[in-house]
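*Asks:* Need coordinates for the following:
(one chain, ligands or ions: 1)
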Amino acid sequence: MTRFLKLLIRNRLAALGGAVILAVVVLALITPLLPLQAPNVTNTADRFIRPFSPGHLLGTDHLGRDLLSRLLWGTRLSLAVGASAAVIAAVIGAAVGIVAGYFGGRIDNVIMRLVDMLMAFPYILLALAIVAALGPGLMNALIAVAAVNVPFFARNIRGITVGIAGREFVDAARLAGMGHGRIILFEILPNVVPVIVIAMSTTIGWMILETAGLSFLGLGSQPPQADLGSMLGEARAALIAAPHTSVVPGAMILAIVMGINLLGDGVRDALDPRLRSGALTRPMPATSVRRETVPAPQGGGVLQLADLETRFEIGPRIYRAVNKVSLEVAPGECLGIIGESGSGKSVTALSIMGLVASPPGVITGGAAYYRGDDLIGAPYRRLRSLRGDRIAYIFQDPQATLHPLYRVGDQLAEAIRVHHSISRAEAEDRAIDLLTAVRIPNAESRARAYPHELSGGMRQRVGIAMAMANDPDIIIADEPTTALDVTVQAQILSLLDDLRRERGLAIIFITHDFGVVAQLCDRVAVMYAGRIVEEGPTGTVLDAPAHPYTRRLIACVPELGQGRRRLEAIPGLPPAVDRLPAGCAFAPRCDKARDACTAGDIALERAGARAVRCLFPEETLT
Ligand code: SF4
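*Replies:* Alright, predicted model coming up:
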């Protein structure tokens, strides 16, 4: 809650809207306590007195009634009616939407066709028809406004519920024997409440306007009772002669609706899980860069990272996700980056092409040289021309990265045509060649399939084909086999190995599995808490790990055919990268730690092809 309020206040427009609404609500609440004149007492001798006259701060209306008093009493009424209509519409609409979305089938069909019928009418006409049927009056106006907004909530909440009802935790609740009522109350409802709150916060302003509209037409509040709409309606005849009678309620309606809308937008942003994680703005097309010096390229290789530093700045906290990482990969080479979750592997890979979401991500130092050109801070056009063309990515979950509504062949053809001006037919032929190259049987017919029609392994092959589409120099594969079963995993690894050998591709393979590294990678870099702690040829590192963390990671891997042995889990958890301990970040989990390990920064010592960041390594590097 504190975090939500902090985010809301950081958004200046939302804070302004909130301040306006707070002031209006406080004024409305204390109206009965204020020394105001009676709002309905007429005095025709004092008609149309101008604002700032003695005894009438905002002047009087056509019957000599004090406008300040009527404004405050009218605001109180309009707010109460608008807010009540919003709550009623939200509760009924959400209930209808949840029932339709949860049960689906015929129940959903019947309910949603009724909702569609209501939505087919222009809502103001529908509201007029309801008030005409029930008779004029504020309560009937409230019913009409609530009724015409029920379909809006029902449609919104039904859509969200359909997605939630198919999720695994709902299936788990069913398997646990929970009934429909309990599932709806304890599984579905908590997930749709934020959406209901967001929808209410953005629609309450309309409802106040709609209620004012009905009162303006004489169908809401009845004389002499004042609400903002009826005050405007009564002031119509004197618009030219006494404009203040219209301006006073009009300005209040404007302030309330603007305030609610600004606040509603702020509430929506503050409840958005991604924006909540640190930023109230949408991500930029490339990661923002704020570095003071640019290190010179030091080695060769098609891609070289030099002292790369990427942080996430979330409020006062700074998460050093990538901390002075230097790596290089040569053409045709496969470099494995291995480490536990949160060690900075993926952020390192995403930083290369400026794909870290920014804000909150910022690259604060280092460089990423592709064929001698620094990509960090390169113009967006340059990055776009390289993304998917010279440097391609394969992600862990192809289901999430393939567009669900386009056929895979079309998606492949599009990936080619983004970078090369060739005809659609040529691109489609190339797409089929790519599917054949990644060993998808019946490539021609598979090209016409949608992603959901393919198995997990097939989809990952399409992901690889997509990465290969423009014959890139480098493929960055971010745990592409984690979600696959072992037989498919072995096929995918052998496919990647063949492709890199045939085409001279450089591969950066991110994984947490030493078995995968052993099968595919020429060299391996071990990451811990955002830093490289060991690097070297795969065989040498596996046979004689130098860093205690690498040794413990290898000891966690079960070996088939080596008899029963106890797997040595690493005690504790990696440190949070916003509170890194002094010295070696692995010290709290290291069985060889000594006082010197926490005394100061520990450098990555290089010897030949190997490097280690440890004061007391398991092996002396030669
Ligand atoms: S520096 Fe010390 S604490 Fe860190 S890994 Fe080496 S021996 Fe362990």
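*Asks:* For the stretch 501-622 of the chain, which residues are neighbours of the ligand?
*Replies:* Selection of the stretch 501-622 of the chain residues close to the ligand by CB under 6 Å from any ligand atom yields 547-548, 584, 586-587, 590, 592-593, 597, 602, 614-616. Heads up, the C-betas are built off the backbone N, CA and C, glycines and all.
*Asks:* can we see that at 5 Å?
*Replies:* 548, 584, 586, 587, 590, 592, 593, 597, 614, 615, 616 (CB under 5 Å from any ligand atom).
*Asks:* If we ignore the residues flanking it in sequence, what's nearest the third one?
*Replies:* If I follow you right, that is residue 586. residue 549 (5.0 Å; CB to CB, 6 or more residues apart in numbering).
*Asks:* For the one you found, give me its contacts.
*Replies:* Under the criterion of CB atoms under 8 Å, 6 or more residues apart in numbering, the contact list for residue 549 reads 526, 528, 533, 534, 570, 586, 589, 590.
*Asks:* rerun at 10 Å
*Replies:* 339-340, 343, 526-529, 533-534, 570, 574, 584-586, 589-590, 613-614 (CB atoms under 10 Å, 6 or more residues apart in numbering).
*Asks:* Near the ligand, which residues of this structure are found?
*Replies:* Going by CB under 5 Å from any ligand atom, the residues of the chain near the ligand are 548, 584, 586, 587, 590, 592, 593, 597, 614, 615, 616.
*Asks:* And the pLDDT at the fifth one?
*Replies:* Residue 590 is assigned 91 on the pLDDT scale.
*Asks:* and it, how many neighbours does it have?
*Replies:* 20 (other CB atoms under 10 Å).
*Asks:* For the stretch 451-600 of the chain, which segments are assigned as helices?
*Replies:* 456-468, 486-503, 514-520, 538-543, 548-555 (DSSP state H, counting those that start in this stretch).
*Asks:* out of the residues of the chain next to the ligand, which are buried?
*Replies:* 548, 584, 586, 587, 590, 593, 597, 614, 615 (16 or more other CB atoms under 10 Å).
*Asks:* As CSV, these with distance to residue 168 would be great.
*Replies:* Below are these laid out as CSV (distance: CB to CB, whole Å):
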residue, distance to residue 168
548, 38
584, 39
586, 35
587, 38
590, 37
593, 41
597, 43
614, 41
615, 46
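*Asks:* So which of these is the closest to residue 78?
*Replies:* Nearest to residue 78, judged by CB to CB, of these is residue 586 at 62.9 Å.
*Asks:* which residues does the residue nearest to residue 123 when sequence neighbours are not counted contact?
*Replies:* The shortest distance from residue 123 to any non-neighbouring residue, by CB to CB, 6+ apart, is to residue 148 (4.2 Å). Residue 148 makes contacts with 85, 89, 118-119, 121-130, 207, 210, as judged by CB under 10 Å, 6+ apart.
*Asks:* Put the buried members of these into a PyMOL selection.
*Replies:* A single PyMOL command selects the buried members of the contacts of residue 148 (16+ other CB under 10 Å):
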select buried, resi 85+89+119+123+126+127+128+130+207+210
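*Asks:* low pLDDT regions in this structure?
*Replies:* Low-confidence segments of the chain (pLDDT under 70): 1, 272-283, 483, 560-567.
*Asks:* ranges for the strands of it?
*Replies:* Along the chain, counting by DSSP state E, strands occupy 288-289, 303-314, 317-329, 334-338, 361-370, 373-374, 391-394, 474-478, 506-511, 523-528, 531-537, 605-607, 610-612.
*Asks:* Hey, what's the angle from the longest one to strand 506-511? Just curious.
*Replies:* Same thing as strand 317-329. Going by axes from the mean of the first three to the mean of the last three CA atoms, to 10 degrees, strand 317-329 is angled at 140 degrees with respect to strand 506-511.
*Asks:* distance between strand 317-329 and the chain's centre?
*Replies:* 23 Å (CA atoms, centre = their mean, to the nearest Å).
*Asks:* go on, the fifth one?
*Replies:* Here strand 361-370 is found 24 Å from its chain centre; the criterion is CA atoms, centre = their mean.
*Asks:* Which strands and helices lie in contact with that strand?
*Replies:* Identification of packing neighbours for strand 361-370 by 3 or more CB pairs under 10 Å, 6 or more residues apart in numbering; DSSP states H and E yields strand 288-289, strand 303-314, strand 317-329, helix 345-352, strand 373-374.
*Asks:* One more: the second one?
*Replies:* Counting contacts by 3+ CB pairs under 10 Å, 6+ apart, strand 303-314 packs against strand 317-329, helix 345-352, strand 361-370, strand 506-511.
*Asks:* got the buried residues for the first one?
*Replies:* It stands for strand 317-329. Buried residues in strand 317-329 (16+ other CB under 10 Å): 319, 320, 321, 322, 323, 324, 325, 326, 327, 328, 329.
*Asks:* Just give the strands next to that strand in its sheet, each with its orientation.
*Replies:* Applying DSSP bridges, strand 317-329 is found paired with strand 303-314 (antiparallel).
*Asks:* mind saving the C-alpha coords of the partner strand as CSV?
*Replies:* Output of strand 303-314 as CSV, limited to C-alpha atoms (Å, rounded to 0.1, in the frame of the first residue of the first chain):
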residue,chain,number,x,y,z
LEU,A,303,31.5,-9.6,-30.4
GLN,A,304,33.4,-8.2,-27.5
LEU,A,305,32.0,-6.9,-24.2
ALA,A,306,34.3,-4.6,-22.3
ASP,A,307,33.5,-3.8,-18.6
LEU,A,308,29.8,-3.8,-19.3
GLU,A,309,27.6,-2.4,-16.5
THR,A,310,23.8,-2.5,-16.4
ARG,A,311,21.7,-1.4,-13.5
PHE,A,312,18.1,-1.3,-12.5
GLU,A,313,17.2,1.9,-10.8
ILE,A,314,14.0,1.4,-8.8
